[in-house]
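Asker: just the structure for this:
(chains A, B, C and D)
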Number of protein chains: 4
Amino acid sequence: MPGRILGHEGVGIVEKTGPGVTAFRPGDRVIISCISACGTCEYCRRGMYSHCTTGGWILGNEIDGTQAEYVRTPHANNSLYKVPDGADEEALVMLSDILPTGFECGVLNGKVQPGNSIAIVGAGGIGLAALLTAQFYAPAEIIMIDLDANRLAAAKRLGATATVNARDGSAAATVMKMTGGRGVDTAIEAVGVPASFITCEDIVAPGGVIANIGVHGVKVDLHLERLWSQNIAITTRLVDTVTLPMLLKTVQARKLDPKQLITHHFKLDHILDAYDTFGRAAETHALKVILEA
Amino acid sequence: MPGRILGHEGVGIVEKTGPGVTAFRPGDRVIISCISACGTCEYCRRGMYSHCTTGGWILGNEIDGTQAEYVRTPHANNSLYKVPDGADEEALVMLSDILPTGFECGVLNGKVQPGNSIAIVGAGGIGLAALLTAQFYAPAEIIMIDLDANRLAAAKRLGATATVNARDGSAAATVMKMTGGRGVDTAIEAVGVPASFITCEDIVAPGGVIANIGVHGVKVDLHLERLWSQNIAITTRLVDTVTLPMLLKTVQARKLDPKQLITHHFKLDHILDAYDTFGRAAETHALKVILEA
Amino acid sequence: MPGRILGHEGVGIVEKTGPGVTAFRPGDRVIISCISACGTCEYCRRGMYSHCTTGGWILGNEIDGTQAEYVRTPHANNSLYKVPDGADEEALVMLSDILPTGFECGVLNGKVQPGNSIAIVGAGGIGLAALLTAQFYAPAEIIMIDLDANRLAAAKRLGATATVNARDGSAAATVMKMTGGRGVDTAIEAVGVPASFITCEDIVAPGGVIANIGVHGVKVDLHLERLWSQNIAITTRLVDTVTLPMLLKTVQARKLDPKQLITHHFKLDHILDAYDTFGRAAETHALKVILEA
Amino acid sequence: MPGRILGHEGVGIVEKTGPGVTAFRPGDRVIISCISACGTCEYCRRGMYSHCTTGGWILGNEIDGTQAEYVRTPHANNSLYKVPDGADEEALVMLSDILPTGFECGVLNGKVQPGNSIAIVGAGGIGLAALLTAQFYAPAEIIMIDLDANRLAAAKRLGATATVNARDGSAAATVMKMTGGRGVDTAIEAVGVPASFITCEDIVAPGGVIANIGVHGVKVDLHLERLWSQNIAITTRLVDTVTLPMLLKTVQARKLDPKQLITHHFKLDHILDAYDTFGRAAETHALKVILEA
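Answerer: As a prediction, the model looks like this:
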């Protein structure tokens, strides 16, 4: 496979196809979506590939993922996407999971609109993917919130209009001040812990949206005693990758440069080094790490 | 005033108008929205009258309400609605607050659609208002959940396809069974306590909506450790009454009979009896109580 | 096949399946959509099955249709729908084409809403399908326009709130009078000739929609010299049948009775009689004619 | 008035206010919308200010416009917008009419989306306003079509990805070639003559939108014999200026530079010279011409 990534993302070359695979032939270069979709069940028909009754998030979760020389992809017809001739395959690895995730769960669910104010809590890879794709909609303000100064500096380079270091516990107060006491139209949670979700509750403006991307391990407090009257929406989503073709067009048109998320490259043989680098991200400044065959 | 209600709802006759009131004249019969809207501020322009910067929910909250012989209505141009000739004024009292609340916060936010399954937790006046207006959209199933057998019987008469008594603590399990383990597309919370909100979390299907109507006094647990991947939305809303004109058309066209919510009548002089009756609703089966001048 | 219809609609029993067909087995009872969808191409992914690059409207158009003892269905996985146990198969024949057509092209595209005024020009089978499914959304007024008094009488029985005979050329003027000079929010064209489309242009209110269903053979005059400033939308659509599962739920829930559209039954052997009856619809009052094996 | 423009656009200083004007005081610097809105009638409540029953497009149409030293603005509360401190007033003159027109009638109605292909027929001021605001949504392709090479060059500078000179009659064929035979997702008509509308009919892709901005003087041919099955929408709109506050935020955030549309300045005393310059636009390359007091 020409390119993979730590996680379950990948671009590869079709080696052989099973019965019923009509959309691809051996030799095709393809993006492997992190989500497998039959295309036929009720959820697939609604565009909710993540909840495909015989697929969904199974690669690297219920079955082996793409950190391998060969991968068997279920539901290939609806789960692979042709790499356009001449495209930069390394960039397209980012379309397998991280960019659709930031875009669908954060930006689309968050209803980012021209002129709006948005805040993204968490400037890791997924938060930065939301940052990059939020700019499709020309928001007036994109405030990034994180504990790590390096990540905030990266966010600034990638288009954040302001950054807030949450280390001293006053992030919400700072955002409210920045927005004249009004709060933000869209608050994107890109961490997955109670504190960052609570920050979103504290900064969302009346009529706004909290779009959760983070994978949470425990419950959070929802302050309905205050929010019941605020006309807000809270959304959750496991990425469907239904926007993969749209994102591909934006990459081809140079409206989006996914390679900004790639910081390191390793040969597949050195995967342990790759994990080590990724594991010490605060130190190595790793965002996304590419594995090559 | 020809009709009022316990709460801040009312229909009346314009006695005199202040400067700047161009839409009404003395003698006009009008519905008094529970929400006052200037029509000019940013929130009013977005249809969020509930957050009007100089209005919103002020009648019966920040200033005196409509349980009086005379009422001074702020922002009259945008907060009163003409009663059509020959209309049943008593029915229209229900358009002041309860029906727009059930409809906007429950049905519209909940995205009720033809063929869908919905559940409404709470069969009090507001839950029944959601029940009545949900039927505009021809859902396949409307399951009402409550602790009171009388209210559930009323729900059945008003169009519920099934009822569940939550007394034994197995309401969520029962709804899951009724829906083949899938859950409901829309779960409407019409009580305002943690237990009923948790029931909604337990029964919402992937891709579904929890539409909160209840006024909550304390926080609730949001089980993001399970819901983060369920592609759901949770909405809150203080009624805007922007749909009052639409609802008026449905009443005039006999698509909606608001009088089904009225159980008792009292003279304004006997308001204490009215409160007593309303206070013992379990016993008196009171839903909405009309006060007459 | 248990039921078919004049046209390309049908319900049948799966006899055998080709390679790649995983969703059905011999013996399954299925509705055959009039539209064949691969489920994989760009249009299918957008829900535009009508424009499937290897399917679309091919049955009875580019290849033989369902007026036969045996039918070979391309893209079976995405083009057949299981008949629920115990369902009335004859009713479900109507879900193959006519009801999705009236619903998708007329009602959904026309954005029918509670309390709104709609007019349907053409009270043939397709106009009546729009009439039946428009009632999912509780419009205040549904005005049916046709030249045939029998069809208008049928429309009245099926839920029209008013009927207008267009024979004397004053249909548009009559509708404007009925709506207080305002026009209708939704005008559905269900004939396919210039005169009926022009009627829609004449009666659509500012902010309204003209939803075209009719199959047109010639161009029509679009009066942009008047309509440019009227904030209207005109929509066209070849049915996608993406709402077939939703419609199936409404039938099962008894929110929709498709059999109201069926007027005659013939054995497949007597298909010429069936065509004769359908061809003299003005006289025989034929709407939809069922053929039985 | 600090700035006005040929047409009915303007920015000024409030001199005095009538009864009922609560939102502004003498001395306030304001943008004067080209549309007057009461904020109270049914159309205003739906955001259709253009059809306000006592306002709409009346300035410079039914009553005198803003090419004057003093202007009386009806419905001031809902028709003026405060100029933020320190803002460039000349830029904001463009928010009075031309930018909301291009944005609302062309870009919003046209549903421009990231990655999509759009074509704009007409590279005059209004077409360029659509071009500038379309870029809020990161479309992959923006093809400008015009007869004038200078205007096409201007379009290229303002962000068009390709230009097509329609002089030889093959514009539609060229666009189809550019899009691989598929056509564009959005075709914006910004001229107002039959030929340019027909071009839009010829280039719109299945599932696409033709968004009309042009003011038409005669009817056009609508080729329903071909388009009935193409799942398209055609929209018309008189600008509502409901997006003026949103556009103001994008200007303040430097996502939009309206001054790119301004080519000439004249003193109000020299208004005839201004008209002469504007009248010979092909020669003078005039787009928008500012008049100063």
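
Asker: tell me the phi and psi of the residue nearest to residue A:201 when sequence neighbours are not counted?
Answerer: Spatial nearest neighbour of residue A:201, excluding adjacent residues (CB to CB, 6 or more residues apart in numbering or on different chains): residue A:223 at 5.6 Å. For glycine as for every other residue, the C-beta is placed from the backbone atoms N, C-alpha and C. Residue A:223 adopts backbone torsions of phi -90, psi 70, taken as degrees, to the nearest 10.

Asker: export stretch A:224-238 as CSV, just CAs?
Answerer: Output of stretch A:224-238 as CSV, limited to C-alpha atoms (Å, rounded to 0.1, in the frame of the first residue of the first chain):
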residue,chain,number,x,y,z
LEU,A,224,-30.1,21.9,31.4
GLU,A,225,-31.0,24.1,34.3
ARG,A,226,-29.4,26.8,32.3
LEU,A,227,-29.4,25.5,28.8
TRP,A,228,-33.1,24.5,28.5
SER,A,229,-34.0,28.0,27.4
GLN,A,230,-31.0,28.7,25.2
ASN,A,231,-32.3,27.3,21.9
ILE,A,232,-29.1,25.3,21.4
ALA,A,233,-28.4,22.0,19.7
ILE,A,234,-25.9,19.4,20.8
THR,A,235,-24.8,16.9,18.1
THR,A,236,-22.9,13.7,18.2
ARG,A,237,-21.6,11.7,15.2
LEU,A,238,-19.4,8.8,14.3
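
Asker: same question for that stretch, mean pLDDT?
Answerer: Average pLDDT, stretch A:224-238: 98.

Asker: now do the contacts for the residue of the stretch 51-200 of chain A at minimum distance from chain B.
Answerer: When you check the stretch 51-200 of chain A against chain B by CB to the nearest CB, the closest residue turns out to be residue A:51, at 4.7 Å. Under the criterion of CB atoms under 8 Å, 6 or more residues apart in numbering or on different chains, the neighbours of residue A:51 are A:43, A:238, B:206, B:207, B:231.

Asker: how far away is it from residue A:275?
Answerer: Distance of residue A:51 to residue A:275, computed by CB to CB, to the nearest Å: 30 Å.

Asker: next: residue A:229.
Answerer: Relative to residue A:275, residue A:229 is positioned 47 Å away (CB to CB).

Asker: what's the answer for residue A:52, then?
Answerer: Applying CB to CB, the value for residue A:52 to residue A:275 is 29 Å.

Asker: before we move on, what about residue A:161?
Answerer: Distance check for residue A:161 against residue A:275: by CB to CB, it reads 34 Å.

Asker: show me which residues of chain A sit near chain B.
Answerer: Residues of chain A found near chain B, taking CB under 8 Å from any CB of the partner chain as the criterion, are A:43, A:46, A:48, A:50-51, A:57, A:109, A:192, A:197, A:206-207, A:212, A:214-225, A:227-238, A:240.

Asker: neighbour count: residue A:52 and residue A:275, which is higher?
Answerer: For residue A:52 versus residue A:275, neighbours defined as other CB atoms under 10 Å in any protein chain shown are more numerous around residue A:52 (25 against 14).

Asker: number of nearby residues for whichever residue of the stretch 51-200 of chain A sits closest to chain C?
Answerer: Using CB to the nearest CB, residue A:77 is the residue of the stretch 51-200 of chain A that sits closest to chain C, at 4.8 Å. Here the number of neighbours of residue A:77 (other CB under 10 Å) works out to 22.

Asker: report the next helix or strand after the helix or strand where it lies in sequence order.
Answerer: Take DSSP states H and E as the rule and residue A:77 turns out to sit in helix A:76-79. Secondary structure here is assigned by DSSP H and E; on that basis, the next helix or strand after helix A:76-79 toward the C-terminus is strand A:80-82.

Asker: for that next one, list every residue counted as buried.
Answerer: By neighbour count, with 16 or more other CB atoms under 10 Å in any protein chain shown as the criterion, the buried positions of strand A:80-82 are A:80, A:81.

Asker: near chain C at all, that strand?
Answerer: No. In terms of CB under 8 Å from any CB, no part of strand A:80-82 sits within range of chain C; the closest distance is 10.0 Å.

Asker: ok, now stretch A:29-48?
Answerer: Yes. Residues of stretch A:29-48 contacting chain C under CB under 8 Å from any CB: A:38, A:39, A:40, A:42, A:44, A:45, A:47.

Asker: kindly tell me how buried the closest residue to residue A:70 other than its chain neighbours is, as a neighbour count.
Answerer: In space, not counting the residues next to it along the chain, residue A:70 is nearest to residue A:15; the distance is 6.5 Å by CB to CB, 6+ apart. For residue A:15, the tally of surrounding residues (other CB under 10 Å) stands at 12.

Asker: residue A:208 now?
Answerer: As a burial measure, the neighbour count of residue A:208 was computed by other CB under 10 Å and equals 25.

Asker: show me the contacts for it.
Answerer: Listed by CB under 8 Å, 6+ apart, the contact partners of residue A:208 are A:183, A:184, A:185, A:186, A:187, A:230, A:232, A:233.

Asker: separation between it and chain C?
Answerer: Residue A:208 sits at a distance of 25 Å from chain C (criterion: CB to the nearest CB, to the nearest Å).

Asker: same deal with residue A:283?
Answerer: Relative to chain C, residue A:283 is positioned 42 Å away (criterion: CB to the nearest CB).

Asker: over to residue A:228?
Answerer: 25 Å.

Asker: got the phi and psi for that residue?
Answerer: Here is the backbone geometry of residue A:228 (degrees, to the nearest 10): phi -50, psi -30.

Asker: neighbouring strands - and their directions - for the strand ranked longest in chain A?
Answerer: When secondary structure is assigned using DSSP state E, the longest strand within chain A turns out to be strand A:204-212. Next to strand A:204-212 in the sheet, as set by DSSP bridges, lie strand A:184-189 (parallel), strand A:233-235 (parallel).

Asker: that one - what's its average pLDDT?
Answerer: Taken as a whole, strand A:204-212 has a mean pLDDT of 98.

Asker: quick one: strands adjacent to the helix or strand following it?
Answerer: Scanning forward in sequence from strand A:204-212 by DSSP H and E, the next helix or strand is strand A:220-222. Partner strands for strand A:220-222, per DSSP bridges, with pairing direction: strand B:220-222 (antiparallel).

Asker: following element in sequence after the partner strand, please.
Answerer: Secondary structure here is assigned by DSSP H and E; on that basis, the next helix or strand after strand B:220-222 toward the C-terminus is helix B:224-227.

Asker: can you list the residues of the stretch 1-150 of chain A near chain C?
Answerer: Within the stretch 1-150 of chain A, the residues that sit near chain C (CB under 8 Å from any CB) are A:19-20, A:22-23, A:38-40, A:42, A:44-45, A:47, A:77-78.

Asker: coming back round to it: list just the nearest of the residues of stretch A:29-48 next to chain C to residue A:65.
Answerer: Distance to residue A:65 across these (CB to CB) is lowest for residue A:38, with 18.9 Å.

Asker: the closest one belongs to a helix?
Answerer: No. Going by DSSP: H, G, I helix; E, B strand; the rest coil, the assignment for residue A:38 is coil, not a helix.

Asker: any idea how far it lies from chain D?
Answerer: If you go by CB to the nearest CB, the gap between residue A:38 and chain D works out to 23 Å.

Asker: run through the residues that contact that residue.
Answerer: So residue A:38 contacts A:44, A:52, A:53, A:54, A:55, A:75, A:78, C:22 (CB under 8 Å, 6+ apart).

Asker: what sits against the fifth one?
Answerer: Yep, that's residue A:55 we're talking about. Contacts of residue A:55 were listed using CB under 8 Å, 6+ apart, and they are A:35, A:36, A:37, A:38, A:44, A:49, A:74, A:75, A:79.

Asker: excluding its backbone neighbours, what's nearest it?
Answerer: residue A:36 (3.5 Å).

Asker: who's the one you found bridged to?
Answerer: When bridges are assigned using DSSP bridges, the partners listed for residue A:36 are residue A:56.
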